[in-house]
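Peer 1: generate a structure from the sequence data that follows.
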Amino acid sequence: MDGLITQGALSLGRRLASEFDETDLLGRWMCHHLSGLLREAAEADGHERRAAEHRAADLVLRIWKHKAATPFRQEPVAGIDAVTDGLARLGSQPDPWSQSRQARRGEATPPADQTHLYEALRLADELDTLTGRTLSSLFYLAGQAALEDAAPWAEDVLAASGMTEWGLERFMSFVSRRRSEGGGFDAKAQPERAVSSDLQMQARALRDLAAKIETLASAPTSR
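Peer 2: This is a model prediction of the structure:
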């Protein structure tokens, strides 16, 4: 285990030791056990100290890996996990409209007997695009809030994990991409205010689109 990672894990362990739910029997035992290993690591010398540090760091990383099942008063950085899990689910879904867009690329005017069909597909495309932008804005706001909640843990967690924990890099990449995409998002403005403005516009656009879909649904289908 890398020395910097070990020290990061020990620092994370000291934070974790104060977070166990001591009203839970397992929580009390884990708090006592981890605190004892951290104390041994701090008091040992030479080779014994390095060995004690590695034992404590290994336990810390194992606790962190299974933190969702660990008896904490409140699970650390649960918000970050929720956001990155959501991003992963979205990223794994194929674009359901890509084939229909490819099929109609360059089509200026639909055939007279297929107006209803093409209008439905056009609205599907519009909904797909608008939904994507709205999800992006909502995830940005959720992620910013999650990062604020996780801020006290961030340095220790990233040091302990060798800068690979949580999918945090994935989230920061998402934030960076969201800021640079444009589409009404002003990167020079305060991010939360800009995204809030985006969401208001997207909500209005969704209401307008819903009205168009309702009109299409009530219109007679052309044969």
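
Peer 1: where in the protein is pLDDT low?
Peer 2: Scanning the chain for pLDDT under 70 picks out the ranges 1-4, 91-114, 161-192, 221-223.

Peer 1: swap in 50 and give it another go.
Peer 2: The chain contains residues with pLDDT under 50 at 99, 102-103, 105-106, 163, 166, 182-189, 223.

Peer 1: got the domain ranges for it?
Peer 2: The chain breaks down by automatic domain parsing into domains covering 3-69, 78-218.

Peer 1: a markdown table please, covering those domains and showing mean neighbour count.
Peer 2: C-betas here are computed from N, CA, C, even on glycine. As requested, the domains of the chain are arranged in a markdown table below (neighbours: other Cβ atoms under 10 Å):
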| stretch | mean neighbour count |
| --- | --- |
| domain 3-69 | 16 |
| domain 78-218 | 14 |
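
Peer 1: quick one, phi/psi of His67?
Peer 2: Let me fix one detail, which is that residue 67 is Lys and not His. Backbone torsions for Lys67, taken as degrees, to the nearest 10, come to phi -60, psi -30.

Peer 1: and Pro152, what element?
Peer 2: Secondary-structure assignment from DSSP states H and E places Pro152 in helix 115-160.

Peer 1: pretty sure Leu123 is touching Lys212, no?
Peer 2: Yes: counting by Cβ atoms under 8 Å, Leu123 touches Lys212, with 6.0 Å between them.

Peer 1: for this structure, what spans make up the helices?
Peer 2: 3-17, 25-43, 46-65, 78-91, 98-104, 115-160, 168-180, 191-218 (DSSP state H).
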